[in-house]
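Novice: How does the following fold in three dimensions:
(one chain, ligands or ions: 2)
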Amino acid sequence: MKEMMNALLMYGPNDIRYEKIEKPECPTDGFLIKVKAVGLCGSDIRNLTTDSKKGNYPFVYGHEEVGEIVEIGAECTGFEIGDRIFSPRPVPCMECEACIDGRSEQCQNIKEPEIGGFAEYAAVSGRVLKAKMWAKIPKDIKYEYATLGEPLSSVYSCQRKLNIKFGDTVVIIGAGPIGCFHVRLAKLRGAKTVISIDIAQNRLNTTKELGADYIINSLEIDPIAEVKRITNKKGADHVISATPVVKTQQQALEMARNGGVITFFGGVPKGTLTPLDTNIIHYNNLWIYGHFGANVKDQQEAFRLAISEEFTPEKFITKVMPMKDIDEALNIAKAGEAIKIVLVP
Ligand SMILES: [Zn+2]
Ligand SMILES: [Zn+2]
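Specialist: Ligands and ions are numbered 1, 2, ... in the order given. Okay, here's the model as predicted:
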């Protein structure tokens with residue numbers, strides 16, 4: 001008889017049950033981990049609350065899991081039972097044009113796991129090992145801190161490409177988990193002035209604790225005028241829109257200095273068009289970028305950053321909860337009362 005394990009099975013929008021399913025088999029070219037912690041991602045929240053797997057229920061989500069090796073395949077070397085492993089998903093092929101070009105986040109053969117990380121066990125295949133989408137977690141690092149490596153990666157990749165540096169003035173619109181990461185990282189990279197904008201005061205207070213020099217509640221004051229005031233009418237070197245809102249993309253243009261750089265980090269809903277004043281873009285010499293994801297190298301570096309003392313991972317983990325309390329976890333996350341919630345099986 002097959003061995004069973006507990007997992008969070010999604011049967012439909014907001015219908016998630018903690019039930020038994022078959023435990024995955026240990027891959028011959030990889031290993032099996034016992035999941036010790038898994039982050040609840042913004043995309044998980046969206047997926048679990050909408051009809052995201054139409055016709056394919058039940059489905060197990062989760063891609064920020066970390067755990068301990070409990071079984072090793074016959075063809076897998078270099079690992080021991082008990083090794084602590086970070087292995088986020090999805091996994092790129094490392095063979096297609098995008099992967100070879102160093103843009104593995106755009107891999108044409110990217111593989112979504114059949115069973116996600118919201119479970120007691122997860123299989124780590126040879127494909128993961130070959131793609132270097134894994135790292136060993138040092139003994140003295142808490143598992144929940146290691147889960148931050150995946151969500152931090154796209155923020156890390158973005159700021160590396162933008163080369164945010166000593167002395168910069170950076171505006172981050174949106175103070176959700178991603179906005180929080182942006183604020184912290186911009187300060188660590190040496191930005192002189194980091195301005196955090198949101199409509200929720202509790203989130204703004206959090207970014208202040210993480211290092212934001214100024215916080216602006218855009219329900220109360222005009223964020224464009226306020227950024228101009230703080231920067232002596234000049235505008236910011238960088239403006240990053242980390243929300244799914246069209247309006248903040250428009251506002252971003254007017255917050256940047258001449259020759260400034262604007263990044264659309266948060267994706268707006270598919271098919272949505274943003275009217276932009278291209279006169280400003282042209283005469284102010286603005287550059288606009290889009291950013292999504294992280295390549296394998298950025299993922300590795302983001303993991304090392306996430307578990308470092310300087311990053312203060314403890315400040316990002318609001319709550320560690322049993323996996324079976326997923327409904328409560330979703331409610332807390334949706335209310336904007338948490339930066340990151342980590343689930344444990
Ligand atoms: Zn994630
Ligand atoms: Zn590829």
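
Novice: Helices along the chain, start to end?
Specialist: Assigned by DSSP state H, the helices in the chain fall at 42-49, 97-100, 126-130, 143-146, 149-162, 177-188, 201-209, 223-230, 246-255, 278-283, 296-306, 326-334.

Novice: and of those, who's closest to residue 80?
Specialist: Set against residue 80 and scored by C-beta to C-beta, the helices of the chain come closest in helix 126-130, at 14.3 Å. C-betas here are computed from N, CA, C, even on glycine.

Novice: Tabulate the CA atom coordinates of that closest one in PDB.
Specialist: Below are the C-alpha coordinates for helix 126-130, written out as PDB (Å, rounded to 0.1, in the frame of the first residue of the first chain):
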ATOM      1  CA  GLY A 126      17.600  15.800 -10.600                       C
ATOM      2  CA  ARG A 127      16.200  18.600 -12.800                       C
ATOM      3  CA  VAL A 128      16.100  20.900  -9.700                       C
ATOM      4  CA  LEU A 129      19.700  19.900  -8.800                       C
ATOM      5  CA  LYS A 130      21.000  20.400 -12.300                       C
END
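
Novice: Buried residues, that helix. List them.
Specialist: Residues of helix 126-130 classed as buried: 127, 128, 129 (neighbour count, 16 or more other C-beta atoms under 10 Å).

Novice: what does stretch 238-253 give?
Specialist: Neighbour-count burial for stretch 238-253, counted by 16+ other C-beta under 10 Å, picks out 238-246, 248-253.

Novice: Which one of those is nearest to ligand 1?
Specialist: Within these, proximity to ligand 1 (C-beta to the ion) peaks at residue 242, which comes in at 14.1 Å.

Novice: could you measure that closest one against residue 268, distance?
Specialist: Taking C-beta to C-beta, to the nearest Å as the measure, residue 242 falls 12 Å from residue 268.

Novice: Whichever residue of the stretch 1-150 of the chain sits closest to ligand 1: neighbouring residues, count only.
Specialist: Using C-beta to the ion, the closest approach of the stretch 1-150 of the chain to ligand 1 is made by residue 41 at 3.1 Å. Using other C-beta atoms under 10 Å, residue 41 has 23 other residues around it.

Novice: before we move on, what about the one 5 residues further on?
Specialist: Here the neighbour count serves as a burial measure; for residue 46 (other C-beta under 10 Å) it reads 11.

Novice: Touching, it and residue 40? I think so.
Specialist: No: between residue 46 and residue 40 there is no contact, the gap being 11.2 Å when judged by C-beta atoms under 8 Å.

Novice: which ones are touching the residue in the stretch 51-200 of the chain positioned nearest to ligand 1?
Specialist: Proximity of the stretch 51-200 of the chain to ligand 1 (C-beta to the ion) peaks at residue 151, 4.5 Å away. Residue 151 makes contact with 39, 41, 42, 64, 177, 178, 181, 340, according to C-beta atoms under 8 Å, 6 or more residues apart in numbering.

Novice: And the buried ones among those residues, selectable in PyMOL?
Specialist: Entered in PyMOL, the line below selects the buried ones among those, by 16+ other C-beta under 10 Å:
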select buried, resi 39+41+64+177+178+181+340
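
Novice: Flag whichever of the contacts of residue 151 scores worst on pLDDT.
Specialist: Within the set of the contacts of residue 151, pLDDT is lowest for residue 42 (88).

Novice: Can I get stretch 203-217 in PDB? Just the C-alpha atoms.
Specialist: Output in PDB follows, covering the C-alpha atoms of stretch 203-217 (Å, rounded to 0.1, in the frame of the first residue of the first chain):
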ATOM      1  CA  ARG A 203       1.600  48.800   6.400                       C
ATOM      2  CA  LEU A 204       3.300  52.200   6.200                       C
ATOM      3  CA  ASN A 205       4.300  51.900   9.900                       C
ATOM      4  CA  THR A 206       5.900  48.600   9.100                       C
ATOM      5  CA  THR A 207       8.000  50.000   6.200                       C
ATOM      6  CA  LYS A 208       9.100  52.800   8.600                       C
ATOM      7  CA  GLU A 209      10.400  50.100  11.000                       C
ATOM      8  CA  LEU A 210      12.200  48.400   8.100                       C
ATOM      9  CA  GLY A 211      14.100  51.600   7.200                       C
ATOM     10  CA  ALA A 212      11.800  53.900   5.200                       C
ATOM     11  CA  ASP A 213      12.900  57.500   5.700                       C
ATOM     12  CA  TYR A 214       9.500  58.900   4.800                       C
ATOM     13  CA  ILE A 215       6.100  57.300   4.700                       C
ATOM     14  CA  ILE A 216       3.200  58.800   2.700                       C
ATOM     15  CA  ASN A 217      -0.400  57.800   3.200                       C
END
